[in-house]
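Student: The following comprises the amino acid sequence and a computationally predicted model.
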Amino acid sequence: MVATAIPMANDGAGTQGLAFLQLLSWVSPAFPTGGYAYSHGLEWAVEQGYVHNVAALMAWVETLLLHGSLGNDLILLNAAWLAGDDNARLAEIAEFACACASSRERYEETIYQGEAFLKAAHVWQAMPPKAEFEGTRWPLPVAQGMVFYKGGVAQRQALLAGGYAAIAALVSAAVRLVPLGQTDGLRALEGLECALIAAANKVQKQTLDDIGSACFASDLAAMHHETQETRLFRT
């Protein structure tokens, strides 16, 4: 049995109103994925002094978007969106995404958030029956791509929304860790908008063969975080 996409409501301006409202919920900080508990290795980078102000934070996140894990996640999200209702292909992408995790913490971060995301998304019935995916683990970007597609979210909106959710989570973590003021956090979000648009444009021309990372400091930060003596975040 294959789930059909949720019908999209059009308002007078031709906007897909229902799909847009659903998307706002799915990328809201209040959506119960537990994202507030993860720092993607940023906690160790802050402790080491690599990220110590808003400029350093923006440079760190932008590099991840264009050359590292956040860019890879967008490729995975896009692949899942393009898979559409092909559940076998979605399961293959999920398995591949799991294999791409650069450390145990990165694996747990994406799996726990992804499966929490799917559990919450069942409220919107934007998922096929659970039995069709029995035994599959779901990294967050793959879960997002699948739900966004089935919820009627357009491809570009899906990429921007997934990327924004990842950026916002890291900025929120940095506001608490550095610490930064709320205004500096907003400056970081505003300053990263163009980088996110560039990353989304790039991803639409890429495939899973383009998965890769040159952000070794970030990958090592996630590994070092496993033994960090004092930790506020799970990763």
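Tutor: The structure has been received and is ready for your questions.
Student: could you dump the worst-scoring helix or strand of the chain on mean pLDDT to CSV, C-alpha only?
Tutor: The least trusted helix or strand in the chain, going by mean pLDDT, DSSP states H and E, turns out to be helix 17-26, with a mean of 91. Extracted C-alpha coordinates of helix 17-26, given in CSV (Å, rounded to 0.1, in the frame of the first residue of the first chain):
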residue,chain,number,x,y,z
GLY,A,17,-1.6,27.2,1.9
LEU,A,18,-2.1,23.9,3.6
ALA,A,19,1.3,22.5,2.6
PHE,A,20,2.9,25.7,3.8
LEU,A,21,1.3,25.5,7.2
GLN,A,22,2.3,21.9,7.6
LEU,A,23,5.8,22.8,6.6
LEU,A,24,5.9,25.5,9.3
SER,A,25,5.0,22.8,11.9
TRP,A,26,7.5,20.3,10.6
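Student: by contact count, what packs against it?
Tutor: Other elements packing on helix 17-26 under the criterion 3 or more C-beta pairs under 8 Å, 6 or more residues apart in numbering; DSSP states H and E are helix 140-150, helix 155-177. Where C-beta positions appear, they are placed from N, C-alpha and C, glycine not excepted.
Student: And for the first one, what's in contact with it?
Tutor: Where contact means C-beta atoms under 8 Å, 6 or more residues apart in numbering, the residues beyond helix 140-150 that reach it are 3, 5-6, 23, 26, 33, 73-74, 76-85, 90, 93-94, 97, 109-111, 113-115, 117-118, 121, 124, 126-128, 157-158, 161-162, 165.
Student: helix or strand for Thr110, which one?
Tutor: Element membership of Thr110 [criterion: DSSP states H and E] is helix 104-121.
Student: Pull out the buried positions in that helix.
Tutor: For helix 104-121, burial by neighbour count (16 or more other C-beta atoms under 10 Å) applies to 105-107, 109-118, 121.
Student: Kindly reformat those as CSV containing pLDDT.
Tutor: Converted to CSV, the buried residues of helix 104-121 look like this (pLDDT from 0 to 100):
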residue, pLDDT
Glu105, 94
Arg106, 95
Tyr107, 97
Glu109, 96
Thr110, 97
Ile111, 97
Tyr112, 96
Gln113, 97
Gly114, 96
Glu115, 94
Ala116, 95
Phe117, 95
Leu118, 93
Ala121, 92
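Student: For Tyr36, which non-adjacent residue is spatially closest?
Tutor: Leaving out its chain neighbours, the residue that sits closest to Tyr36 by C-beta to C-beta, 6 or more residues apart in numbering is Ser172, at 7.0 Å.
Student: Make sure that neighbour is actually in contact with Ala37.
Tutor: No - at 11.1 Å, Ser172 does not count as touching Ala37 under the criterion of C-beta atoms under 8 Å.
Student: tell me the contacts of Leu58?
Tutor: Rather than Leu, residue 58 is Met. Counting by C-beta under 8 Å, 6+ apart, Met58 has contacts Ala188, Gly191, Leu192.
Student: neighbour-wise, which of those residues leads?
Tutor: When neighbours are taken as other C-beta atoms under 10 Å, the top entry among the contacts of Met58 is Ala188 (25 neighbours).
Student: Need the nearest residue in space to that residue, chain neighbours excluded.
Tutor: In space, Ala188 is closest to Val171, 4.9 Å off (C-beta to C-beta, 6+ apart).
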